[in-house]
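Enquirer: Please find the sequence and the predicted model below.
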Amino acid sequence: MDKEIFLKAAKEFGTPLYLYDLRVIKKRLEMVERTLKNVEHKIFFAFKSNSNPHLLEFVKSLGFGADVVSMNEYKMAKLVGFSPSNIVVNGNGKITDELKVYARDGVGCVNVDSSEEIQRFPDLSARIAIRINPDVDAKTHPYISTGLKKNKFGVNMESASAIIRSLPSNLKLVGIHSHIGSQITDISTFVDAFKSLKSFIDKESLKLEFVNIGGGWGIDYSHKGEGLNLQDYQEKVVPILKSFGVPIHLELGRFIVGPAGYLVTRVLELKRTTSKNFVIVDTSMSDLIRPSLYGAHHHIEFFPDGSEEIVADVVGRVCETGDTLGKNRKIFKPEIGDLGVIYNVGAYGYAMSSNYNLSLRPAEVAFDGRNLKLIRRRETLEDIVKLCDFSKNSKQ
Ligand SMILES: *Cc1c(COP(=O)(O)O)cnc(C)c1O
């Protein structure tokens, strides 16, 4: 992205600001398409990674289906125009009333998370897949690993067999589902997981419409080439996917929108203590919690480039020591008022933001290569106060 665009966006919409480059979303989709060109597939967009309705509309226009994990995400999918048959429902702890809505609407597939969920299922016909937990280590951060037997998601192979043997007649098993974690860059994890799915499907002689392999494709947060190697994926994983003999469904979030997002911020203060340099910026863990929550690394740049190199922690103003956006970063010493850009924040950025310290959520802006468009205005204190039905006058 041209630095001029960051400057223009900051000038027009203020900081901190989430900026999305729609061209990158398109490019990422093309990368996936190229990798999977030898196997029939359909891609569902993981709403939880970024649920801005304008962005979702754009994603829909590119031909994605919708992957939702809550009733509100489901409602949002319908709001932006996805038909229920183009929606796949995930998540644990689905309640009966929700399952009723999904069944009545005729959603594409409900990925069942437990045998308890089967027992709770209303007596309505529905298309389901069973979420299998293949007990593989995704070698990612424990908080975003989901395919180990100690994790809360899915069922193991034995339970899946039992569910299949006693499936009520209103439920049609159309697929098998598995999602083993997020930000996965280790090819062997995928290989192990999908091989074990394949042997399960063979052993049970299942006749399926598709196999849903979830998401989890890792991206290059450090800008040092740590992302998923697509060439490797094509050579080592795609042959296993082909061996299923049915179309593959994928649910991708991070890989599609992560690299399309930038958090534009401004330098408020340079602080020097006896042990460290701090660059204090106008964004924080309230806007982007991944570094604080997972120790996640996001590439950060300041500009215009200074001349003196320093090592500094980039921090926000939230009253938590953990409010660090980047640790020990070698950067050109910025000046107060300079812009900083935090990269790869399009997924699990705004979506995980909060009002902690009464931080107001940033504005969101989309760039299509020509124009900047405000797709969500900046939050105001009034927005928050309104929820509490509170005014000073009511107290008099
Ligand atoms: C979060 C999630 C995804 C998307 O994961 P990414 O790492 O963003 O691709 C897909 N499927 C399920 C069930 C999920 O919970």
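Expert: Nice, I can see it. Everything numeric in this text was worked out from a predicted model, so none of it was measured. Residues are numbered from 1 along each chain as shown.
Enquirer: Wondering if stretch 108-116 reaches the ligand at all.
Expert: No - Stretch 108-116 lies apart from the ligand when judged by C-beta under 6 Å from any ligand atom; the minimum separation is 6.8 Å. No exception for glycine: its C-beta is placed from N, CA and C like everyone else's.
Enquirer: So what touches that stretch?
Expert: Identification of contacts with stretch 108-116 by C-beta atoms under 8 Å, 6 or more residues apart in numbering yields 65, 84-94, 99, 102-103, 118, 121, 126-131, 153-155, 159, 162-163, 174-175, 177, 212.
Enquirer: All the strands of the stretch 251-396 of the chain, residue numbers only.
Expert: 261-272, 277-281, 300-303, 309-315, 324-332, 339-343, 363-367, 372-376 (DSSP state E, counting those that start in this stretch).
Enquirer: quick one on the thing from earlier: tell me the buried residues within the contacts of stretch 108-116.
Expert: Applying 16 or more other C-beta atoms under 10 Å to the contacts of stretch 108-116, the neighbour count classes 65, 84, 86-92, 94, 99, 102-103, 118, 121, 126-131, 153-155, 163, 174-175, 177, 212 as buried.
Enquirer: Out of the contacts of stretch 108-116, list just those in strands.
Expert: Among these, DSSP state E puts 65, 87-89, 126-131, 174-175, 177, 212 in strands.
Enquirer: Can you give the contact residues for stretch 275-282?
Expert: 15-16, 265-272, 302, 310-317, 325, 331, 334, 340.
Enquirer: Out of these, which end up buried?
Expert: Of those, these count as buried by 16+ other C-beta under 10 Å: 15-16, 265-267, 270, 302, 312-317, 325, 331, 334, 340.
Enquirer: OK, contacts around the residue in the stretch 1-150 of the chain that the ligand sits nearest to?
Expert: The minimum distance from the stretch 1-150 of the chain to the ligand, using C-beta to the nearest ligand atom, falls at residue 46 (3.5 Å). Neighbouring residues of residue 46 by C-beta under 8 Å, 6+ apart: 67, 69, 215, 251, 252, 253, 254.
Enquirer: Check what pLDDT the last one gets.
Expert: The pLDDT attached to residue 254 in the predicted structure is 98.
Enquirer: Quick check: the gap between it and residue 165.
Expert: 36 Å (C-beta to C-beta, to the nearest Å).
Enquirer: Kindly report the same for the first one.
Expert: Taking C-beta to C-beta as the measure, residue 67 and residue 165 are separated by 28 Å.
Enquirer: who's more crowded, these two?
Expert: Between residue 67 and residue 165, residue 67 has the larger neighbour count (other C-beta atoms under 10 Å), namely 30 against 8.
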